[in-house]
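Colleague: no sequence on this one, just coordinates:
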C-alpha cells in the first residue's frame, strides 16, 4: 500500500525515512518491552541523562522501571561472538523528566547501536549514518565531533585531578575559556599545558584545518583517529557538515572515544547525540567496543510548530434526517476525487478544512 | 544574506552598560536605550535584534533558542545551569556570592547549619563540597533579615559592597564564587552563526 506523503506527520515521515536509512546500512530492528528491571538503571545512573526514573513493583514484587534509555537494554541483552559486530536500530518511547523540570515525558526516540568487534570502519559508518540522519531531518545541518580521549589526555597533562577534570570538562562543554583558565590556575597547571587546553576551544571551524591544529597538540593519537574516521566520509556530501568542536563532551566514565552531536537549522537544541562508550560493556558483561547515537525526535516539535495541517479537504454538511445512503454517496463521490472528507450535520468549531460543501434537502449541493 | 542575530539583554543598569559595549563593538540598534514601551528593537541594516528580559530569564530565552545570545550573571548560570555556552566573562557587574553570618557568631560544626538563600542549588553544592549537613530555607528577598530573626544561622547571597551586611551587623565568612556578567549563547544557534558571534566576541575583547 502506498501512503501519500501528506497523510504523514513530519515526525512520522522522518521516522519511516530513518528506518529505511538504517536498513540500508544492514542494521536490524531491535524490539524491547516497555519495562526493564530497575537495577539495570540503578547501577548505571551516570550513563543516563537524568537519575529520575519511574519505578514500580511488578505483581511478584520485582522492582521495574519504565525505560528511560534503550542503549543499556540493547547492551545487556546482546551476546558476544568472536569478530562479530551487533548492528541494530530502535524506535522506542522512553520516559524521562522534562528538561524544564515539569514532570515526566514520554519521548519517541530512535537510534542505532553498533556493539562488538568494533573497528574504525564501524566508527565512520555510524558517523555517516548520523550525518545522513541529519540530512533526512533538514537540509541545513551541522555535526560536531570530538574525541573524549584527547580531553582526558590534555587534562592529565595539565595535572588535573578528578574534581578539576570535571570542572574542565564542564568549561569545555560551555566553550568557556575563562573558566578553563581558572581551573588550570587553581590546579597549578603549567602555562604550556593550560594553553593546550585553551587552544581546544579556538580550533578553526573548517575540519581539515582544525585537525591540522589538533595534530600540533600533544594528542596526536586521537587526532589521527579523527582524521582517519572522517576521511572515510571525505567523498560524501556529509563531509561538509562535520566540524571539530571540543564542546562536544560526554561523561568521561562511560565515553572514551569519538563523540558527536548534531544540530539542524531552526531547532534550538541538539537533535542527535552519540559516541563511543566502550567502558559500559564490561559493566554489563560484554566484550569489545560500542558506538551509537540517538535521534531526539521530540526536539523537532519546535521546528514543526505552526506548519498548519488541515483536518480534511472538505467538510460535507448534511441536514438532520438525510438518508444515510445519500450522505455516503456524496462523500464517496468527493473521496473518488482524492479529497479527504469529513461529514457532519453542523460546522464544528475547530475543524480546519479547505472548503465546506452542503448537501441540501432539495438535493441541490451548495458550496461555501 | 546575513542571518539575524537576536540578543537578550538583562533589564537594568547592567544591561544598559552591556548594550553600550555591544554598540561600540559594531552592533548598535536605535531605540534600545530609549524610554519606551517597545519590547523588541531591530537594526535591519545590521540584522541584529535586541530585547530586554528579566535578568533571571535571559538564560531561559537563550537556552530555548528565542535569543541566539544574551548576557546573564554567573549567579544565574550557577543556580539554574542552563544548557548554553558561556563564551566570555564581560568583567562587568562584579560581585561575590558569599556566606554571611552575624558578626562574631560561633557556628557549631556538629549541628545542622540552617542556610537562608534564594540560591538553593549554589548553597547546596557549596556545602556538599565541604561535607557539611545543612537545611536550606529558601527565601525570595530580604535574605539579610533571616539570621537576625533566628530563622537561619547564615545566609548565602550576593554581596556587592558589603554595606547592607554591615548595617545589619553581618559579616562575610566565606566566598562561594566570584560573580560577573557573562556572554552566553544557544548551542544550536552558535553552530550556525559561529562567525557572527565570533566577530562580536573579538570586537568586545577590545572594549573590555
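Modeller: Now that the structure is in, tell me what you want to look at. Just so it is clear, the model here is predicted, and its values are computed rather than measured.

Colleague: so what's residue B:205 closest to, chain neighbours aside?
Modeller: residue B:88 (7.7 Å; CB to CB, 6 or more residues apart in numbering or on different chains). For every residue, glycine as well, the C-beta is placed using N, CA and C.

Colleague: Count the residues that sit near the one you found.
Modeller: Residues near residue B:88, counting by other CB atoms under 10 Å in any protein chain shown, number 22.

Colleague: and if you look at residue A:225?
Modeller: Neighbour tally, residue A:225, other CB under 10 Å: 18.

Colleague: If we ignore the residues flanking it in sequence, what's nearest it?
Modeller: residue A:147 (6.4 Å).

Colleague: which residues touch the one you found?
Modeller: For residue A:147, the contacting residues are A:219, A:222-223, A:225-226, A:257-259, by CB atoms under 8 Å, 6 or more residues apart in numbering or on different chains.

Colleague: Nearest to the spatial middle of the chain, which residue is it?
Modeller: Looking at chain A here, since you left the chain open. The C-alpha lying nearest the average C-alpha coordinate of chain A belongs to residue A:295 (CA atoms, centre = their mean; 1.6 Å).

Colleague: The chain in question should be chain B.
Modeller: Centre-nearest of chain B using CA atoms, centre = their mean is residue B:73, 1.6 Å out.

Colleague: I'd assumed residue B:201 was in contact with the residue nearest to residue B:205.
Modeller: Yes. Counting by CB atoms under 8 Å, residue B:88 touches residue B:201, with 5.9 Å between them.

Colleague: Between these two, which contacts overlap?
Modeller: Common contacts of residue B:88 and residue B:201 (CB under 8 Å, 6+ apart): residue B:183.

Colleague: Now stretch A:121-132: buried residues?
Modeller: A:122-132 (16 or more other CB atoms under 10 Å in any protein chain shown).

Colleague: An error on my part: the question was meant for stretch A:41-50.
Modeller: By neighbour count on 16+ other CB under 10 Å, the buried set for stretch A:41-50 is A:41, A:44, A:47-48.

Colleague: Output the set of residues of the stretch 151-300 of chain A in proximity to chain B.
Modeller: Taking CB under 8 Å from any CB of the partner chain as the test, the list of the stretch 151-300 of chain A residues beside chain B reads A:174-176, A:178-179, A:205, A:243, A:245, A:247, A:263, A:265, A:267-270.

Colleague: which one of those is nearest residue A:300?
Modeller: Set against residue A:300, the nearest of those by CB to CB is residue A:267 (6.2 Å).

Colleague: related to what we said a few turns ago, which pair in the buried residues of stretch A:41-50 has the greatest spatial separation?
Modeller: Maximum distance among the buried residues of stretch A:41-50 (CB to CB): 8.6 Å, for A:41 and A:47.

Colleague: element containing the residue of chain B found nearest chain A, please.
Modeller: Closest to chain A within chain B is residue B:65: 2.2 Å, counting by CB to the nearest CB. When elements are assigned from DSSP states H and E, residue B:65 belongs to no helix and no strand.

Colleague: Quick check on the closest residue to chain B within the stretch 1-150 of chain A: phi, psi?
Modeller: Chain B sits closest to residue A:142 of the stretch 1-150 of chain A, with a gap of 4.4 Å, by CB to the nearest CB. In terms of degrees, to the nearest 10, the main-chain angles of residue A:142 are phi -130, psi 140.

Colleague: same check, this time on the one 3 residues further on
Modeller: With angles defined as degrees, to the nearest 10, residue A:145 shows backbone torsions of phi -120, psi 160.

Colleague: Now it. Nearest residue, chain neighbours left out?
Modeller: residue A:260 (4.6 Å).

Colleague: count of neighbours near the one you found?
Modeller: 27.

Colleague: What distance do you get for it to residue B:191?
Modeller: 12 Å (CB to CB, to the nearest Å).

Colleague: shaky segments in the stretch 51-200 of chain A?
Modeller: Low-confidence segments of the stretch 51-200 of chain A (pLDDT under 70): A:99-101.

Colleague: Quick one: the helices in it, in order.
Modeller: A:71-77, A:120-137, A:148-157, A:162-173, A:177-187, A:191-201 (DSSP state H, counting those that start in this stretch).

Colleague: Within range of chain A, give me the residues from chain B.
Modeller: Residues of chain B lying near chain A (CB under 8 Å from any CB): B:63-66, B:83-89, B:185-192, B:194-195.

Colleague: Now the residue in chain A positioned nearest to chain B: closest residue in space that isn't a chain neighbour?
Modeller: Closest to chain B within chain A is residue A:268: 2.2 Å, counting by CB to the nearest CB. Of all residues not flanking residue A:268 in the chain, residue B:65 sits nearest, at 2.2 Å (CB to CB, 6+ apart).

Colleague: wait, what's in contact with the one you found?
Modeller: A:267-269, A:302, B:186, B:188-189.

Colleague: Top of those by number of neighbours, please.
Modeller: The most crowded member of the contacts of residue B:65, judged by other CB under 10 Å, is residue B:186 (29 neighbours).

Colleague: related to what we said a few turns ago, out of the contacts of residue A:147, which sit inside helices?
Modeller: A:222-223, A:225-226 (DSSP state H).

Colleague: Would you tell me what the next helix or strand after the longest strand along chain B is?
Modeller: Scanning chain B for the longest strand, with DSSP state E as the assignment, gives strand B:170-179. Using DSSP H and E, the helix or strand that directly follows strand B:170-179 along the chain is strand B:181-185.

Colleague: For that following strand, give me every contacting residue.
Modeller: A:175, B:10, B:14, B:18, B:58-59, B:62, B:68-74, B:77, B:82, B:84-93, B:197, B:201, B:204.

Colleague: strand partners of it, parallel vs antiparallel please.
Modeller: Strand B:181-185 has its sheet partners listed here by DSSP bridges as strand B:69-73 (antiparallel), strand B:85-89 (antiparallel).

Colleague: which parts of the last one are buried?
Modeller: By neighbour count, and taking 16+ other CB under 10 Å as the criterion, the buried residues in strand B:85-89 are B:85-89.

Colleague: With the first one instead?
Modeller: When neighbours are counted by 16+ other CB under 10 Å, the buried residues of strand B:69-73 are found to be B:69-73.

Colleague: Residues in contact with that strand: which ones?
Modeller: Contacts of strand B:69-73 (CB under 8 Å, 6+ apart): B:5-10, B:14-15, B:18, B:53, B:55, B:58-59, B:61-62, B:87, B:90, B:93, B:179-186, B:189, B:197, B:200.

Colleague: my guess is residue B:56 meets residue B:76, correct?
Modeller: Yes. Using CB under 8 Å, residue B:56 is in contact with residue B:76, at 5.5 Å.

Colleague: more neighbours, the two?
Modeller: Between residue B:56 and residue B:76, counted using other CB under 10 Å, the more crowded position is residue B:76 (22 against 15).

Colleague: Does that one lie in a helix or a strand, and which?
Modeller: According to DSSP H and E, residue B:76 maps onto helix B:74-80.

Colleague: So what touches that helix?
Modeller: B:55-56, B:58-60, B:84, B:86, B:97, B:119-122, B:125, B:158, B:177-182, B:184.

Colleague: what's the spacing between that helix and its chain's center?
Modeller: 6 Å (CA atoms, centre = their mean, to the nearest Å).

Colleague: May I have the residues that are in contact with residue A:236?
Modeller: A:128, A:131.

Colleague: gap between it and residue A:127?
Modeller: 10 Å.

Colleague: same check, this time on residue A:44
Modeller: 24 Å.

Colleague: Repeat that for residue A:104.
Modeller: Counting by CB to CB, the gap from residue A:104 to residue A:127 is 32 Å.

Colleague: Need phi/psi at residue B:123.
Modeller: Here residue B:123 shows phi and psi, under degrees, to the nearest 10, equal to phi -60, psi -40.
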